[in-house]
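*Asks:* Next comes the sequence, and after it the predicted model I'd like to discuss.
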Amino acid sequence: MPRVTSPRLRGEVGSRSDPGEGGFPHDKRLQCPSPPPSPRKNGEREGTALAAATEFNYIEFMTALKAAQVDAFVAKPNPAQPVVLVYGADAGLVRERAEALVHGAVDDVNDPFSLVRLEGDLVASEPSRLVEEANTIPLFGGKRAVWVKAGARNLAPAVEILLGAAPKECRVVIEAGELRKNAPLRALCEKAKNAAVLACYPDSEKDLPRLIDAEMQAAGLTIAPEARAALVPLLGGDRLASRSELQKLALYAHGKQRVEIEDVAAVVTDASALALDALIDATFSGKLAEVEFQYTKARNAGTSVGAVLFGVARHAGLLHKARLAVDDGQSVDAAVGGLWLHFSRVALAQAALRAWSSARLQTAIGLIADATLQSRLNADLSEAIVQRLLLSMAMSARRSS
């Protein structure tokens, strides 16, 4: 009999079976059922149809999906894989696909009985919470989903318990940043037959024209070839940022039939540069985990080490100037207002200004200059030099705040 807990009915969670028998066997090979032989067409060699069916079955049960298979899975997930890990350097694309999976799993994402949102660090501190939520039976019936946003702590133990007792009527979507191949969470899900792993990387130059055309078509517009060519290098750092720029462009061109290059020049900003802004803000706000994630994201977006150093140095100089103004009696809000930052960065800049003194900012500017010199003298070590600088500055900001 299921246990009853207010306000929901919770199904009993079975114990995790033996690893050799249950949700994620040690054997890495995928065991796919053999399909029945298909009727042969004229001239078709025996086994051709069978081979094609077997290949389809293999793809259907693959854990780590190839890039060409991800969109098809998001549109029609495999019920045999209720646990889905969505990760990658493109945070916007990760969020977009996670949202699509969640929206497809429940009737109403605003219903707390249908969709449960969990922070990864909370789940890591209480591993049994995830499997309990996934196996909860909604009080009023209907579909159910659990959406987990991975944090700094290791989620693998909680997910391991879940995979041993994965629900059939609930989809669990785990949203994560960039994960190395040997990362515990990624390795665990890739070995599990009842999980799917979706990697999300920044759109390439081949992907961007399709994204541009899709957004323009959705808005009832066409786009001139030269306008499309001009758009491609301005997009790609983040899927949601790129899509936002395209929607802004479509709104600007409302009433026209075709988007021209003049429209692009008037409204579109470089979405790849947004990754650098996020990295800078994370550094001066003391967000260590975010610094590592945003640094990888900026590098994947094509941002050079030199551009990172220039951006950090420029922001340090702006903060130093604003901090001196605060020391002279100006309010923090007024000082940040004089920096003319995008509204989404204002709160972080205010927090940074309160955490950093003018003397410490002066020291940071010196460290940035030294790192710039060292990265030029030791080009092979430039990645490590810059990353160490950013983490050191983030740690300093964290201690102060």
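*Replies:* That came through fine.

*Asks:* neighbouring contacts of stretch 94-112?
*Replies:* Residues from elsewhere that reach stretch 94-112, judged by C-beta atoms under 8 Å, 6 or more residues apart in numbering: 70, 74-75, 77, 84, 86-88, 114-115, 142-145, 147, 170-171, 173, 175-177, 198, 200, 239-240, 243. All C-beta atoms are positioned from the backbone trio N, CA, C, and that covers glycine.

*Asks:* do that again at 6 Å, thanks
*Replies:* Residues outside stretch 94-112 that contact it (C-beta atoms under 6 Å, 6 or more residues apart in numbering) are 74, 84, 86, 88, 114-115, 142-143, 145, 147, 171, 173, 175, 200, 239.

*Asks:* now the strands for the stretch 301-401 of the chain?
*Replies:* Counting by DSSP state E, counting those that start in this stretch, the stretch 301-401 of the chain has no strands at all.

*Asks:* picking that back up, buried members of the contacts of stretch 94-112 into PyMOL, please.
*Replies:* In PyMOL, this line selects whichever of the contacts of stretch 94-112 come out buried by 16 or more other C-beta atoms under 10 Å:
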select buried, resi 74+84+86+88+114+115+143+145+147+171+173+175+200+239
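
*Asks:* Just name the closest of the contacts of stretch 94-112 to residue 123, please.
*Replies:* Lowest distance from residue 123 to the contacts of stretch 94-112 (C-beta to C-beta) belongs to residue 147, with 11.2 Å.

*Asks:* returning to that earlier point: among the contacts of stretch 94-112, which are in helices?
*Replies:* Among the contacts of stretch 94-112, the residues falling in helices (DSSP state H) are 74, 239.

*Asks:* From residue 286, how far out is the residue lying closest to residue 327 once chain neighbours are set aside?
*Replies:* Nearest residue to residue 327, sequence neighbours excluded (C-beta to C-beta, 6 or more residues apart in numbering): residue 358, at 5.8 Å. Distance, residue 358 to residue 286, using C-beta to C-beta, to the nearest Å: 18 Å.

*Asks:* Give me the more crowded residue out of those two.
*Replies:* A direct count of neighbours by other C-beta atoms under 10 Å for residue 358 and residue 286 places residue 286 higher, at 21 against 16.

*Asks:* so that one sits right up against residue 394, yeah?
*Replies:* Yes - the criterion here is C-beta atoms under 6 Å, and residue 286 meets it with residue 394 at 5.2 Å.

*Asks:* for this structure, what's the longest helix?
*Replies:* For the chain, the longest helix by residue count, based on DSSP H, is helix 305-327.

*Asks:* Please point out which parts of that one sit buried.
*Replies:* Applying 16+ other C-beta under 10 Å to helix 305-327 flags 305, 308-309, 311-313, 315-316, 318-320, 322-323, 325-326 as buried.

*Asks:* now swap in stretch 367-374 and tell me
*Replies:* Buried residues in stretch 367-374, counted by 16+ other C-beta under 10 Å: 368, 371-372.

*Asks:* need the residues you listed in TSV with distance to residue 228, can you?
*Replies:* Shown next, in TSV, are these (distance: C-beta to C-beta, whole Å):
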residue	distance to residue 228
368	38
371	39
372	37
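
*Asks:* quick one, phi psi at the residue lying closest to residue 236 once chain neighbours are set aside?
*Replies:* Residue nearest to residue 236 in three dimensions, not counting chain neighbours: residue 203, with 4.8 Å by C-beta to C-beta, 6+ apart. Main-chain dihedrals, residue 203, degrees, to the nearest 10: phi -60, psi 140.

*Asks:* thought residue 203 was touching residue 234?
*Replies:* No - here residue 203 does not reach residue 234: they are 11.9 Å apart, not a contact under C-beta under 6 Å.

*Asks:* and these two? which has more neighbours close in?
*Replies:* Set residue 203 next to residue 234 and count neighbours by other C-beta under 10 Å: residue 203 wins out with 24 against 18.

*Asks:* Could you report the pLDDT at that one?
*Replies:* With respect to pLDDT, residue 203 scores 79.

*Asks:* Look up how far residue 219 lies from residue 257.
*Replies:* Per C-beta to C-beta, residue 257 is found 11 Å from residue 219.

*Asks:* higher neighbour count, those two?
*Replies:* residue 219 (16 against 8).

*Asks:* neighbours of the residue nearest to that one when sequence neighbours are not counted, just the number please.
*Replies:* Of all residues not flanking residue 219 in the chain, residue 250 sits nearest, at 3.7 Å (C-beta to C-beta, 6+ apart). Residue 250: 21 surrounding residues under other C-beta under 10 Å.

*Asks:* Distance check, residue 250 against residue 239.
*Replies:* Applying C-beta to C-beta, the value for residue 250 to residue 239 is 16 Å.

*Asks:* Check residue 125 too.
*Replies:* Residue 125 sits 31 Å away from residue 239, going by C-beta to C-beta.

*Asks:* Let me see the ranges of the helices in the stretch 151-300 of the chain.
*Replies:* 156-164, 184-191, 207-218, 225-231, 239-252, 261-267, 273-285, 288-300 (DSSP state H, counting those that start in this stretch).

*Asks:* show me the residues around residue 228 that make contact.
*Replies:* Neighbouring residues of residue 228 by C-beta under 6 Å, 6+ apart: residue 212.

*Asks:* quick one: which of the buried residues of helix 305-327 is nearest residue 265?
*Replies:* Within the buried residues of helix 305-327, proximity to residue 265 (C-beta to C-beta) peaks at residue 311, which comes in at 23.4 Å.

*Asks:* what's the burial count for the closest residue to that closest one other than its chain neighbours?
*Replies:* Leaving aside its sequence neighbours, residue 311 sits nearest to residue 276 (C-beta to C-beta, 6+ apart; 5.1 Å). Using other C-beta under 10 Å, residue 276 has 23 neighbouring residues.
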